[in-house]
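>>> Quick one, what's the 3D model for this:
(one chain, ligands or ions: 1)
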Amino acid sequence: MSDQPRGQLTLRTLAMPGDANAAGDIFGGWVMAQMDLASGMRAAERAKGRVVTAAVKEMAFAKPVKIGDTLEISTEILKIGRTSITLYVEAWAKRYLSDLRERVTHAEIVMVAMDKDGKPTPVPAEG
Ligand SMILES: CC(=O)SCCNC(=O)CCNC(=O)[C@H](O)C(C)(C)COP(=O)(O)OP(=O)(O)OC[C@H]1O[C@@H](n2cnc3c(N)ncnc32)[C@H](O)[C@@H]1OP(=O)(O)O
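Okay, the predicted model is just below:
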């Protein structure tokens with residue numbers, strides 16, 4: 001497993017008190033939401049249109065995110081199907097007031113390109 005983020009840095013945000021429990025641990029659901037947002041951004045750019053999340057493959061949280069950490073989400077497009085885009089997504093915590101970065105979780109996320117009527121539509125050729 002690499003000690004560097006894989007793919008493109010797609011989203012950076014700050015973990016705030018409102019995203020945490022009473023012990024200062026950031027909710028896993030908030031981290032997942034940021035990963036979903038980043039996947040949507042990357043996939044919509046590739047699809048040149050709207051996308052929805054079809055599936056999130058198994059996830060585990062290896063390390064906590066704490067209040068004040070910068071959460072960095074990187075994405076790599078693994079596969080383009082007919083209407084789907086499969087991404088490998090990593091979440092890293094850049095620790096508060098430090099240069100230390102730790103990978104907290106990763107997942108494969110499948111996004112599907114949608115037409116204006118909300119039906120799956122082919123992902124256009126690149127370029
Ligand atoms: C902005 C948001 O994130 S929206 C919030 C969460 N997401 C949603 O609300 C999406 C709700 N789900 C849906 O609308 C539908 O189930 C869809 C569009 C994801 C799939 O619709 P389906 O009728 O199954 O369409 P269809 O069978 O044509 O599949 C479309 C593609 O999705 C893929 N797909 C569908 N379900 C899954 C799944 N569970 N896992 C992986 N891929 C899947 C298919 O393999 C297909 O890919 P391909 O065209 O590259 O071969």
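
>>> from the protein, which residue is nearest to the ligand?
Closest approach between the chain and the ligand, counting by Cβ to the nearest ligand atom: residue 81, at 2.1 Å. Bear in mind the C-beta positions are built from the backbone N, C-alpha and C, glycine included.

>>> Which residue, neighbours along the chain excluded, lies closest to that residue?
Nearest residue to residue 81 in three dimensions, chain neighbours excluded: residue 123, at 7.4 Å (Cβ to Cβ, 6 or more residues apart in numbering).

>>> Also residue 36?
In this structure, residue 36 finds its nearest non-sequential neighbour in residue 53, 5.7 Å apart by Cβ to Cβ, 6+ apart.

>>> I'd assumed residue 113 was in contact with the one you found.
No. Residue 53 lies out of contact with residue 113 (Cβ atoms under 8 Å); the separation is 11.9 Å.

>>> Those two: who's more crowded?
Taking other Cβ atoms under 10 Å, residue 53 and residue 113 do not tie; residue 113 has more neighbours (25 against 15).

>>> OK, contacts around the residue nearest to residue 36?
36, 39-40, 109-111 (Cβ atoms under 8 Å, 6 or more residues apart in numbering).

>>> Please report phi then psi for the residue of the chain closest to the ligand.
In terms of degrees, to the nearest 10, the main-chain angles of residue 81 are phi -90, psi -150.

>>> Residue numbers of this protein in contact with the ligand?
By the rule Cβ under 6 Å from any ligand atom, the part of the chain lying against the ligand is 40, 52-55, 81-84, 110, 112, 120.

>>> same for the stretch of helix or strand residue 33 belongs to, what does it pack against?
For residue 33, the host element (DSSP states H and E) is helix 28-47. With contacts taken as 3 or more Cβ pairs under 8 Å, 6 or more residues apart in numbering; DSSP states H and E, helix 28-47 sits against strand 8-14, strand 51-56, strand 70-80, strand 84-94, strand 101-113.
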